[in-house]
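K.L.:
turn this into a model:
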Amino acid sequence: MPPVRRGFRSCAILAAFLCAGSAAAQDLAPPTQPAESAAPPVALLAADDRGQAARLADAALSGSGAFDVARALTVEVGPRLAGSAGDRAAVVWGLRALSGLGLRHVRAEEVTVPHWERGTASGWITAPYPQPVALTALGGSVGTSEEGIAAEVVRLDSLAALRELPSDALKGKIVFFDVAMERTPDGTGYGRAVGVRGRGASEAAKRGAVAVLIRSIGTDRNRLPHTGALRYAEDAPRIPAAALSGPDADLLAAQVASGRPVAFRLLLTARLLSDAVSSNVVGEIPGREAPEEIVLLGCHLDSWDLGTGAQDDAAGCAIVLAAARLLGELPRPPRRTVRVVLFANEEFGLSGARAYAAAHAAELGSHVVAAEADSGAGRVWRFATRVAPEALGLAAEIAAVLAPLGIEPGGNEANGGADIGPLRRLGVPVVSLQQDMSGYFDVHHTANDTLDKIGPTDLDQPAAAFAAFAFLAAEAPTDFGRLPPETDSPF
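P.N.:
Alright, predicted model coming up:
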């Protein structure tokens, strides 16, 4: 990834776009005739709009103000678990923040969310070599009895290994899923490892297990466990589940490797309460010519409760709000409406994403494109899309404008992000401004997800990318087409 110089000038962006050999244009543009017979492509984006996007990026790189937004959310609100007092305070904060930016039609759209309390969590290896361990409940886990659960440990290295066992092979046992996550810049290591967190408890319960432990889905070596949601299956008993810190997973694995029977005692006081009311927080910059057409910028307002949710997802909200501020300060608004959505409860079930798709079903045909910031404070390094084939030329032009920010073009298989997934499945085109996630999963879902992990200028380049993209998407003379629906019921 090429370095990005702070304060690059707009002409650099235009030069990159106009360059006949632009890598971005070659990677994303539709096939053309051989060079000797092909006519030069006709640009879709006006030169003035490319210049304005460059100036927006320059302004963000010179100081986007995004860090101040992340600081405000983490300091003034703190943890924001769905259904909690912090969640309610975050909605009030979001309404105030969007109004303070001068956005129009600012409102809270109510969402029903689950309300789960973590309580306390303790664990001990009781044999063959007794030691306490650091762990935390997985989001949504049931608690144990007051006495806890004591049982022999069975180590498994995958869900596939579990599924090969007989139906009663784990009766009365505690299953330890020992699956290590790989560090990758695009976060794909997370996707490969996280299945044991989501499905492991139910799969183990079907085979008689009484509890589940997992190696934390993270890339750090700190003695801090990573939480995250599990999903109980309707056809399986609900058993307690917890995540061990990386070093304690190593410890447990070493004791299992000794060949002697390993016993463990787990005590969780987690509990699920009655559903609560939260809200998606929405605000707009109305379009000057086509206000009914919407470019959506999203992030999620909630967080887990162990830290203050700085990387996940105060950083994303800060990026989106900083981009909206820059767009709102333009001498004239973009041609289309730019809508900002701070989604409720991404972490524990995507309640806000599903509620938004359902509430706005009648106008989803007017959602031109959606983008989401939910990858921490890393630099944007790739611009990927999922748009109609006829819109790849427009995507290539936008990619070329973003190139001087150190952003390379990606393919047309982007998923966009969790909160805009329901929109994509209903046919709304999406883009992914993919951030470097190499260090993101060191603090993700831990008590270490705090503001000190974000530098004062870290969010400026992502804010520049989101602002430039949103402006060009809202100003472009053509749209991004429609995607074939992926499901009849994304809710």
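K.L.:
how much space separates Asp275 from Val281?
P.N.:
Asp275 sits 19 Å away from Val281, taking Cβ to Cβ, to the nearest Å as the criterion. To be clear about C-beta, it is placed using only N, CA and C from the backbone, and glycine gets the same treatment.
K.L.:
show me the domain layout of the chain.
P.N.:
23-34+42-115+275-475, 119-269 (automatic domain parsing).
K.L.:
between Asp275 and Val281, point out the one with more neighbours.
P.N.:
Shown here are Asp275 and Val281; by other Cβ atoms under 10 Å, Val281 has more neighbours (26 against 13).
K.L.:
does the more buried one touch Gly94 like I think?
P.N.:
Yes - if you go by Cβ atoms under 8 Å, Val281 and Gly94 touch, sitting 3.6 Å apart.
K.L.:
okay, and the common contacts of these two?
P.N.:
108, 301, 342 (Cβ atoms under 8 Å, 6 or more residues apart in numbering).
K.L.:
quick one: those as JSON lines, columns for pLDDT, distance to Glu397 and secondary structure too.
P.N.:
Output for the shared contacts of Val281 and Gly94, formatted as JSON lines (pLDDT from 0 to 100; distance: Cβ to Cβ, whole Å; DSSP: H, G, I helix; E, B strand; the rest coil):
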{"residue": "Ala108", "pLDDT": "98", "distance to Glu397": "37", "secondary structure": "strand"}
{"residue": "Leu301", "pLDDT": "98", "distance to Glu397": "33", "secondary structure": "coil"}
{"residue": "Leu342", "pLDDT": "98", "distance to Glu397": "29", "secondary structure": "strand"}
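K.L.:
out of these, which is nearest to Ala47?
P.N.:
Leu342 (34.2 Å; Cβ to Cβ).
K.L.:
how far away is that closest one from Asn415?
P.N.:
Leu342 is 20 Å from Asn415, by Cβ to Cβ.
K.L.:
hmm, back to that, and of the shared contacts of Val281 and Gly94, the nearest to Val77?
P.N.:
Val77 has its nearest neighbour among the shared contacts of Val281 and Gly94 in Leu301, at 9.0 Å by Cβ to Cβ.
K.L.:
any idea what sits nearest that closest one, other than its immediate chain neighbours?
P.N.:
In space, not counting the residues next to it along the chain, Leu301 is nearest to Leu342; the distance is 4.2 Å by Cβ to Cβ, 6 or more residues apart in numbering.
K.L.:
ok so, going back, list only buried entries from the shared contacts of Val281 and Gly94.
P.N.:
The neighbour-count test (16 or more other Cβ atoms under 10 Å) marks 108, 301, 342 as buried among those.
K.L.:
would you list every one of the helices in the stretch 151-300 of the chain?
P.N.:
Defined through DSSP state H, counting those that start in this stretch, the helices belonging to the stretch 151-300 of the chain, from first to last, are 159-163, 188-193, 195-205, 246-257.
K.L.:
dump the residue contacts of Arg332.
P.N.:
Counted by Cβ under 8 Å, 6+ apart, Arg332 has contacts Arg288.
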